[in-house]
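>>> can't give you the sequence, but here's the structure:
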């Protein structure tokens, strides 16, 4: 424990803002802009948003804090961290299943995430070359359909995205994520704010406000609660091992809850701005908000194509989304790279290259599910939808549940209070009780009831 602690301390972040920047960079990505918008569109808008916010603060944030606290205590790769902390707590070493499930979920998510991120890279070129200048919504929709119908285009851009992931991971994810987040996050917030203003000016702002902020609880189902919970975990990179690694890099003497609260608020802000930028255009164009994953790639190009200098602003927007996708993608790869490098002494570049190749192969399932294998399905789910369901709705909630139970019920309060590092005892007690009596039961209840309704 001591040697791994000292090794991590030498390469850890020296300030809270480096930790906040890196963790925010890991959390904010396609999930906030692309996935939040289409999930809100498919699940009733405001009702889903309220369920999502409740899941974030009552369930996801306490679990996120617990995962970082574990990393702070273990100060090693994800598997060794759980193993060491379990031995210290006189618990079964099999609790390291948490790390194994997390790394599996991370690689599966990255396999389809890389394909979608490739779309963003492709749209930088499409916008910059003026493909959507003065285009109608029909032209934007046809362009997206043609793009999806070409497996070679999807595979090409997926490969480009994964090459960027590999380069950044090889050069050192710990410093790179923080540096990129400091540049990309302000630009992303600025571009989304400008687009929200544009959307309200040129689109149907009142309809978007009603859709996002006037709740219709008849739209809220047990399945949408599971989706909101899964997305809360997905958006904050919980249950994939990333927070275990980032916790091992965190500076001493800093409030974990304070730092992560900033991350969560920024994460929510980006999601809300994305919704306010996209939905005014969606309603002005009479598009169905429940049109699915293509929502951002039709509404936004149309909006940019019909504004002055829109091709340049559009290219910048998709560039910022792509940079955010790269930082969160590296965070998904980092736990397994970290484990391979520390456990087997592998050269970091070799570990990253092997994993990127594996992710690329798995990603072919998603890329081909939009064209050649479009007819392949299970229980009505395409290969892409199946991967998304298994990871976001099963593996992440199960991983979150195990973390909540392990930290909330197996570790001593004194150990947790030590790593939580907060002067006010009531804040620690609030987090501890939320984790034990709200987070863990809520995940279990939503998971079981939703699965029962889905299959029976």
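Structure received. The shown structure was predicted, so the numbers you read here are calculated from the model rather than taken from an experiment. Residues are numbered from 1 along each chain as shown.
>>> In the helix or strand that contains residue 340, which residues are buried?
According to DSSP states H and E, residue 340 maps onto helix 310-344. Neighbour counts over helix 310-344 (16 or more other C-beta atoms under 10 Å) mark 310-311, 313-342 as buried. C-betas here are computed from N, CA, C, even on glycine.
>>> Just the strands from the stretch 251-400 of the chain, written as ranges.
Remark: strands assigned in the stretch 251-400 of the chain by DSSP state E, counting those that start in this stretch are 377-378, 381-382.
>>> Which among these is found nearest to residue 202?
strand 381-382 (33.5 Å; C-beta to C-beta).
>>> hmm, back to that, any chance of JSON lines for the strands of the stretch 251-400 of the chain, columns distance to residue 245, mean pLDDT and mean neighbour count?
Formatted as JSON lines, the strands of the stretch 251-400 of the chain follow (distance: least, C-beta to C-beta, whole Å; pLDDT from 0 to 100; neighbours: other C-beta atoms under 10 Å):
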{"stretch": "strand 377-378", "distance to residue 245": "33", "mean pLDDT": "87", "mean neighbour count": "12"}
{"stretch": "strand 381-382", "distance to residue 245": "31", "mean pLDDT": "90", "mean neighbour count": "16"}
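>>> okay if I get those as JSON lines plus distance to residue 99?
As requested, these are exported to JSON lines (distance: least, C-beta to C-beta, whole Å):
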{"stretch": "strand 377-378", "distance to residue 99": "28"}
{"stretch": "strand 381-382", "distance to residue 99": "28"}
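>>> so where's the chain shaky on pLDDT?
In the predicted model, the chain carries pLDDT under 70 at residues 1-14, 173-176, 253, 422-423, 450, 453-456.
>>> Longest helix of it, counting residues only.
helix 151-202 (DSSP state H).
>>> Tell me how far stretch 24-41 lies from the chain's centre.
Remark: stretch 24-41 is offset 7 Å from the chain centroid, using C-alpha atoms, centre = their mean, to the nearest Å.
>>> repeat for stretch 45-64
Distance, centroid of stretch 45-64 to centroid of chain: 14 Å (C-alpha atoms, centre = their mean).
>>> for residue 216, what are its contacts?
44, 45, 46, 47 (C-beta atoms under 8 Å, 6 or more residues apart in numbering).
>>> Let's see that with 6 Å instead.
Applying C-beta atoms under 6 Å, 6 or more residues apart in numbering, we find residue 216 in contact with residue 47.
>>> And for residue 429?
No contacts exist for residue 429 under C-beta under 6 Å, 6+ apart.
>>> and for stretch 362-379, what are the contacting residues?
111-112, 114-115, 148-149, 151, 154-155, 158, 382-384, 386.
>>> do the same with stretch 297-316
119, 124, 127-128, 130, 132-133, 135, 137, 140-141, 144, 278, 281-282.
>>> Take those residues and keep only those in helices.
Those of the contacts of stretch 297-316 lying in helices (DSSP H): 119, 124, 127, 128, 137, 140, 141, 144, 278, 281, 282.
>>> What about those residues, which one has the most neighbours?
residue 278 (31 neighbours; other C-beta atoms under 10 Å).
>>> May I ask which helix or strand encompasses the closest residue to that residue other than its chain neighbours?
Spatial nearest neighbour of residue 278, chain neighbours left out: residue 37 (4.9 Å); criterion: C-beta to C-beta, 6 or more residues apart in numbering. Using DSSP H and E, residue 37 sits in helix 36-42.
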